[in-house]
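**Student:** Just the structure for this:
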Amino acid sequence: MNTEQTQIQNQNKQIQQNSHVKEVKEQGGTNIRDELNEVIVLKDVRFLIGEYIPFGCNHIVAFNNKLGSYMRVKSALLTQVVDEDPGGTQFSIPPVMTAVQVKDFDPNDYVNFDAQIHYPEEPGIVQIENFGVHVSSSGKVLYGLELDSVAGRSKDHVSVDHLSRVISDIVQDSSQMMDTLLTDYQRKLLDLTYIGKASNRDKYTFIISSGIVPDLKAREYLDGEDKENELRQVLESFQNVHDLSDGSKILIGTHGTILVSKEYKKYELIASEYAFLMSLDVFIQNFFSRLFVANDAIKEIKRLIEESEKEPTAVERAQMLLSQTTSDAVLMGEILGYLKESTNVLMKEWQHCLKEMNKEQKELASLLGIETRVLAAQEQVKDMEHIVTGLLRSLDGLANMNETINQRQMRRFQETLEENARNMESMTKASERTGAGVAVMEVILSGTLAFELIDLFSGGKVYPFEYGTDVVSTLAWSGLTVGLWAIGSVALFVTMKWLGDRAEPALQIKTKINRKYNPEKLKEYLEKREVTTQDLDVVGETSRKRVMWKYNDGIIWEELPKWGKRKVIITLTYDEATNYLLSAIIDVERPGEFTTKEAEEAFFAELKEENVFI
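**Tutor:** Residues are numbered from 1 along each chain as shown. Model prediction:
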């Protein structure tokens, strides 16, 4: 007998029985509000729920470490709650835990364990949920359960209506339990495949029962009425139904299978292999759908690149989407590697199992078409390898197109800079000419003022003195005039320079904050300020907002202890999507002895007083 068979049989021997818990049957309530029309009833129900999760040897090692398989006492309580204060002495969590007890394991190959779920239920609902779990390095994950009772019914009278609700609950709880044990990398692969809905991922259910009421031929359950509709609750769409030579019957659906047999134990190995094979098929279908999502993203990137001249933010959006899609495509290639290895291992296991089967088991295996399905899975994986390769090549081409667009925009930017530099040079020369002209005008103005003063003090006489010849008087008077002109010009230049030196430069402080803020407190803080400007810049998942307000803006000066009688303008930038204060610009007019450090301290003191920071 091979290793897989030993694992399955050991797991079946160690199923925990809860039928002795009498109060569960007597006190347990139900939240079903519908009036159930029970048409089909099953006896002694067991079921296997299979799913595929990308696993490898290293993941199994990490999985065993989390379970504590190497410890002498192989049991633990697991929870998804993260301790945000690991250095503290207390860790309070709600009653959302899983009790795990390892039964059998191989450090690099597999692990079998019992998991008892302690998730809260609605008031009045009493539920004991304990199932065996098998996890192997090939990605095979099987959850095995035996139904003791449900809604006060014994295991010999389980309606399909109740069974469908139990299966739905087990599917959700098993996903939550497994997510606690998986690595971040595995959770990332599952989220990628199921487009962020990994907690609601599909699984395949194989139901085994020792009897069914009414006991009919397999084909008679496909009546298109009550019987078929009720079975669809656990099987979804029917694929086929068969009667076996030993009197057993099998009903095969797209998301579940029911095997009714009095000697069901001889079929458990086939049931486990088929449950995993169909869960692998469910995973491949979801993964294939994800490839179309990636293809749509490539179309959107191409559209953004082509319309980069029309949309201002097109290039930036294309870059973000291109980066995310490329990352997803790389992960898809890694998932295909795991799938390829899993299908190869599955084929080897099945070939080995065939050698150990008897005639009746081979009959069931033939009806289920397991070998054909394994070959089909291998072909699907090969086909998807070509698709992922094509996606990566398309992304490389789009990256080159995007780089071309960036280079084109960079050239335009450089040309604009060169043009602006030439314009600045022309403006500088014009400014120099204007400055020279102003200086000449100042000289002329000072001379005109000097002549006006002389004319005023001389009473309008050209020669106020009577001595000397005309030549001497003219020269003396001209020298006096020119001297006063020179003195006036020098005085004007000195005065202008003194006024320029007296002018205080404005103080501007640019500071990066990059700290979490409380949205409510920031809103209250801004409501107390007279915000004059508000800008919003939304790019991708970021939403940057820029607000500006002023202090002491007007004739009447405010008495502000931190700023004094200074005109202050503050511009604050923050991200509403991530709740981060990004940066601030503080402009102070006539700062005097007010320093950069004092301005920063005054601003941060305001934020702290208002409890804006978290």
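**Student:** What strands flank the host helix or strand of Leu145, and is each parallel or antiparallel?
**Tutor:** Leu145 is part of strand 140-146 when elements are defined by DSSP states H and E. Its sheet considered, strand 140-146 pairs with strand 46-52 (antiparallel), strand 129-136 (antiparallel) by DSSP bridges.
**Student:** Buried residues of the next helix-or-strand element following the first one, list them for me.
**Tutor:** Spelled out, that is strand 46-52. Using DSSP H and E, the helix or strand that follows strand 46-52 in sequence is helix 57-67. Going by neighbour count (16 or more other Cβ atoms under 10 Å), the buried part of helix 57-67 is His59, Ile60, Ala62, Phe63, Asn64, Leu67. For every residue, glycine as well, the C-beta is placed using N, CA and C.
**Student:** so which of the strands paired with strand 140-146 gets nearest Arg219?
**Tutor:** Arg219 lies closest, by Cβ to Cβ, to one member of the strands paired with strand 140-146: strand 46-52, at 23.1 Å.
**Student:** which other residues reach stretch 525-538?
**Tutor:** 543-550, 571, 606-607, 610, 612 (Cβ atoms under 8 Å, 6 or more residues apart in numbering).
**Student:** what does stretch 297-309 give?
**Tutor:** By Cβ under 8 Å, 6+ apart, stretch 297-309 touches 311, 314-315, 317-318, 321-322, 324-325, 328, 391, 394-395, 398, 401-402, 405.
**Student:** Kindly recompute the last result at 6 Å.
**Tutor:** Here stretch 297-309 makes contact (Cβ atoms under 6 Å, 6 or more residues apart in numbering) with Ala314, Val315, Arg317, Ala318, Leu321, Leu322, Thr325, Ser394, Leu398, Met401, Asn402, Ile405.
**Student:** export these to JSON lines and tack on pLDDT?
**Tutor:** Output for the contacts of stretch 297-309, formatted as JSON lines (pLDDT from 0 to 100):
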{"residue": "Ala314", "pLDDT": "82"}
{"residue": "Val315", "pLDDT": "82"}
{"residue": "Arg317", "pLDDT": "85"}
{"residue": "Ala318", "pLDDT": "88"}
{"residue": "Leu321", "pLDDT": "90"}
{"residue": "Leu322", "pLDDT": "91"}
{"residue": "Thr325", "pLDDT": "92"}
{"residue": "Ser394", "pLDDT": "91"}
{"residue": "Leu398", "pLDDT": "88"}
{"residue": "Met401", "pLDDT": "85"}
{"residue": "Asn402", "pLDDT": "82"}
{"residue": "Ile405", "pLDDT": "81"}
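**Student:** who touches stretch 151-171?
**Tutor:** Contacts of stretch 151-171 (Cβ under 6 Å, 6+ apart): 25, 30, 36, 38, 40-45, 147-148, 150, 203, 205, 230, 233-234.
**Student:** whoops, I mixed them up, stretch 194-203
**Tutor:** Ile49, Glu51, Val171, Ser175, Leu190, Asp191, Ser279, Val282, Asn286.
**Student:** That stretch spans what distance, first to last residue?
**Tutor:** 12 Å (Cα to Cα, to the nearest Å).
**Student:** in that stretch, what counts as buried?
**Tutor:** Buried residues in stretch 194-203, counted by 16+ other Cβ under 10 Å: Tyr194, Ala198, Arg201, Lys203.
**Student:** Stretch 595-602 too?
**Tutor:** Using 16+ other Cβ under 10 Å as the test for burial, stretch 595-602 gives Glu598, Ala599, Ala602.
**Student:** lowest-confidence helix or strand of this structure?
**Tutor:** helix 3-13 (a mean of 39; mean pLDDT, DSSP states H and E).
**Student:** Tell me which two in the contacts of stretch 194-203 are the farthest apart.
**Tutor:** Ile49 and Asp191 (20.5 Å).
**Student:** who has more neighbours, these two?
**Tutor:** Neighbours around Ile49 and Asp191, counted as other Cβ atoms under 10 Å, are more numerous at Ile49. The numbers are 23 against 15.
**Student:** now the residue sitting nearest the centre point of the chain, what's its secondary structure?
**Tutor:** Central residue of the chain (Cα atoms, centre = their mean): Gly196, 8.5 Å from the mean position. Put simply, Gly196 is coil when judged by DSSP: H, G, I helix; E, B strand; the rest coil.
**Student:** The one 10 residues further on now?
**Tutor:** Here Phe206 is recorded as strand under three-state DSSP.
**Student:** Let's test this: mean pLDDT of the helix or strand following the strand holding Leu145, rounded?
**Tutor:** Following strand 140-146 in sequence order, the next helix or strand is strand 149-150 (DSSP H and E). For strand 149-150, mean pLDDT rounds to 78.
**Student:** repeat for stretch 329-341
**Tutor:** For stretch 329-341, the mean per-residue pLDDT is 93.
**Student:** and that stretch, which residues are buried?
**Tutor:** For stretch 329-341, by 16+ other Cβ under 10 Å, it's Ala329, Leu331, Met332, Ile335, Leu336, Tyr338, Leu339, Lys340, Glu341.
**Student:** How far off centre is it?
**Tutor:** Put simply, stretch 329-341 sits 21 Å off its chain's centre (Cα atoms, centre = their mean, to the nearest Å).
**Student:** which residues are in contact with that stretch?
**Tutor:** Residues outside stretch 329-341 that contact it (Cβ under 6 Å, 6+ apart) are Pro54, Leu189, Leu192, Val381, Met384, Glu385, Val388, Leu391, Leu392, Leu395.
**Student:** I'd like the next helix or strand past whichever strand or helix holds the last one.
**Tutor:** In this case it means Leu395. Element membership of Leu395, judged by DSSP H and E, is helix 370-457. As assigned by DSSP H and E, the chain's next helix or strand after helix 370-457 is helix 470-502.
**Student:** quick one, that next one and helix 370-457 angle?
**Tutor:** Helix 470-502 runs at 150 degrees relative to helix 370-457, counting by axes from the mean of the first three to the mean of the last three Cα atoms, to 10 degrees.
**Student:** Mind listing what's buried along helix 470-502?
**Tutor:** Neighbour-count burial for helix 470-502, counted by 16+ other Cβ under 10 Å, picks out Ser473, Trp477, Thr481, Leu484, Trp485, Gly488, Ser489.
**Student:** packing partners for it?
**Tutor:** helix 370-457 (3 or more Cβ pairs under 6 Å, 6 or more residues apart in numbering; DSSP states H and E).
**Student:** and the helix it packs on, how far from the chain's centre?
**Tutor:** 32 Å.
**Student:** Against which helices or strands is it packed?
**Tutor:** helix 268-306, helix 314-356, helix 470-502.
**Student:** how about a cut-off of 10 Å?
**Tutor:** helix 268-306, helix 314-356, helix 359-368, helix 470-502 (3 or more Cβ pairs under 10 Å, 6 or more residues apart in numbering; DSSP states H and E).
**Student:** partners of the very next helix or strand once past the last one in the sheet?
**Tutor:** The first helix or strand that comes after helix 470-502 along the chain, using DSSP H and E, is strand 507-516. The partner list of strand 507-516 in its sheet, established with DSSP bridges, is strand 580-589 (antiparallel).
**Student:** now the closest residue to Arg317 other than its chain neighbours: how far from Val374?
**Tutor:** Of all residues not flanking Arg317 in the chain, Leu304 sits nearest, at 5.5 Å (Cβ to Cβ, 6 or more residues apart in numbering). The gap separating Leu304 from Val374 is 42 Å, by Cβ to Cβ, to the nearest Å.
**Student:** Domain map for this structure?
**Tutor:** Here the domain parsing of the chain from automatic domain parsing is 47-80+93-194, 280-418, 434-495, 507-609.
**Student:** Among those, show me which one is buried the most.
**Tutor:** Burial among the domains of the chain, expressed as mean neighbours by mean count of other Cβ atoms under 10 Å, is greatest for domain 47-80+93-194, which shows a mean of 18.
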